[in-house]
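Asks: Structure, please.
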Amino acid sequence: MKLVLIAAAAGLSLTALSADLTSTYAKGEIRTTQFSYEESSSLVDVEMLMNGEEGPMGAPDMEMEMETVNGQSGVFADTITRGGEGKPAGFLRLYSDLELHSSMSMRSSMFDDQDSEESKESELEGVSVAFAFEDGEYTAEFPGEEAADKEVLAGLEALLPWASLLPEEGVEVEAEWEIDAEAFAGFFDLGGDLAWDSEGNDSEGNDDEDAQESEVEGTVTATLTKIEDGEATISISFELSELVDLTGVSMNMGGEAPDDVPEGMMMPDMIALTIEKESEGEGTAIWNIEGGYLSSLELECEFTSVQEMIMVMEMGPEKMEMEEISTSEGEATFSVQVTVERE
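Replies: As a prediction, the model looks like this:
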């Protein structure tokens, strides 16, 4: 790594005022990434429309409170088999301590109280996957006689996105640069589809991933605030707008009507399900200059999420369109710690 050192008064001390920040992978190193994401939210408004007009669910005397908590965590231990600048040419990743959990508590003046908790396990727990960069993209396969369903490889993302934090060239302390918003949003879904499965259920794969569509826009600004003891401190501020279209997922779910629906009762058809999320936050990244890797990353934000669900029920020649718009507010934290062992 190249450090530009400027002599202080009389040349008696040296202080690093600028640096070239790069991402470097060395053959034989073991890079362990521990991550966690946690978000909590509260329902602040629900609006129900029937054919474009306010329906009974939106009546002034309706009261509803709903609290949700979602979290995901895990450890990736990457052994670099072929090094490189910016990205490794090959590495073996061991997945461990993978956990996904969620809980919901709802209190309503119109329905019975509801409380639920769910945890999911991953088919990748304790499994190693070999990634190789060939012909411009990563391929994934199980090494040796690793016993696991090969379908879980389809949704994995090989390269962790930390290099997207860095400027394209050397920067001075207090310099600012922009980070790609879509790459930054990927921090919160680290590793891609980790083959989560509801606890106690047999996995049926995750065919809904292709049916889900999302768009991310926003501004992410990084500032080099300090260089000390071989590490660069980078402050981050961000505003993100994400639109997720789950219409295809909801249609794929399909299936029969719930058992408690009276015989002969008509069920509505889902025609649209979208979530629009606005986030604003800040954080700090620590980058090891000489080693060329992220040491830690801490982010926190506040967000507003609006879910819009549109269903249609046909009753002979008549058609009823029902639209539910739910608005929630919450906060989230994201934490990453990286350790590197080199020969």
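
Asks: need the strands for the stretch 101-250 of the chain, in chain order.
Replies: 114-122, 128-134, 137-141, 171-172, 176-179, 196-198, 213-228, 231-245 (DSSP state E, counting those that start in this stretch).

Asks: now the residue lying closest to Asp20 once chain neighbours are set aside: how far from Ser295?
Replies: Nearest residue to Asp20, sequence neighbours excluded (Cβ to Cβ, 6 or more residues apart in numbering): Gly170, at 4.2 Å. To be clear about C-beta, it is placed using only N, CA and C from the backbone, and glycine gets the same treatment. Separation of Gly170 from Ser295 (Cβ to Cβ, to the nearest Å): 19 Å.

Asks: Likewise for Phe76?
Replies: For Phe76, the distance to Ser295 - Cβ to Cβ - is 15 Å.

Asks: The two: which is more packed in?
Replies: Phe76 (23 against 16; other Cβ atoms under 10 Å).

Asks: Give me the neighbour count for the residue lying closest to that one once chain neighbours are set aside.
Replies: Spatial nearest neighbour of Phe76, excluding adjacent residues (Cβ to Cβ, 6+ apart): Thr33 at 4.6 Å. Using other Cβ under 10 Å, Thr33 has 22 neighbouring residues.

Asks: Pull up the pairing partners for the helix or strand where Thr33 lies, direction included.
Replies: Using DSSP states H and E, Thr33 sits in strand 30-50. Using DSSP bridges, strand 30-50 pairs in its sheet with strand 53-54 (antiparallel), strand 64-82 (antiparallel), strand 318-341 (antiparallel).

Asks: Just the CA trace of that strand, in PDB.
Replies: Taking Å, rounded to 0.1, in the frame of the first residue of the first chain, the C-alpha atoms of strand 30-50 are listed here in PDB:
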ATOM      1  CA  ILE A  30      -8.200 -17.000   6.100                       C
ATOM      2  CA  ARG A  31     -10.700 -14.100   6.200                       C
ATOM      3  CA  THR A  32     -13.500 -14.500   8.800                       C
ATOM      4  CA  THR A  33     -16.500 -12.200   8.500                       C
ATOM      5  CA  GLN A  34     -19.000 -12.100  11.300                       C
ATOM      6  CA  PHE A  35     -22.200 -10.100  10.500                       C
ATOM      7  CA  SER A  36     -25.500  -9.200  12.100                       C
ATOM      8  CA  TYR A  37     -28.600  -7.300  11.000                       C
ATOM      9  CA  GLU A  38     -31.500  -6.300  13.200                       C
ATOM     10  CA  GLU A  39     -34.500  -4.200  12.500                       C
ATOM     11  CA  SER A  40     -37.700  -3.300  14.500                       C
ATOM     12  CA  SER A  41     -40.700  -1.500  13.300                       C
ATOM     13  CA  SER A  42     -44.200  -0.300  14.400                       C
ATOM     14  CA  LEU A  43     -47.300   0.000  12.400                       C
ATOM     15  CA  VAL A  44     -48.400   3.700  12.300                       C
ATOM     16  CA  ASP A  45     -51.200   3.700   9.800                       C
ATOM     17  CA  VAL A  46     -53.500   1.300   7.900                       C
ATOM     18  CA  GLU A  47     -55.900   2.400   5.100                       C
ATOM     19  CA  MET A  48     -58.400   0.100   3.400                       C
ATOM     20  CA  LEU A  49     -60.100   1.100   0.200                       C
ATOM     21  CA  MET A  50     -63.000  -0.700  -1.600                       C
END
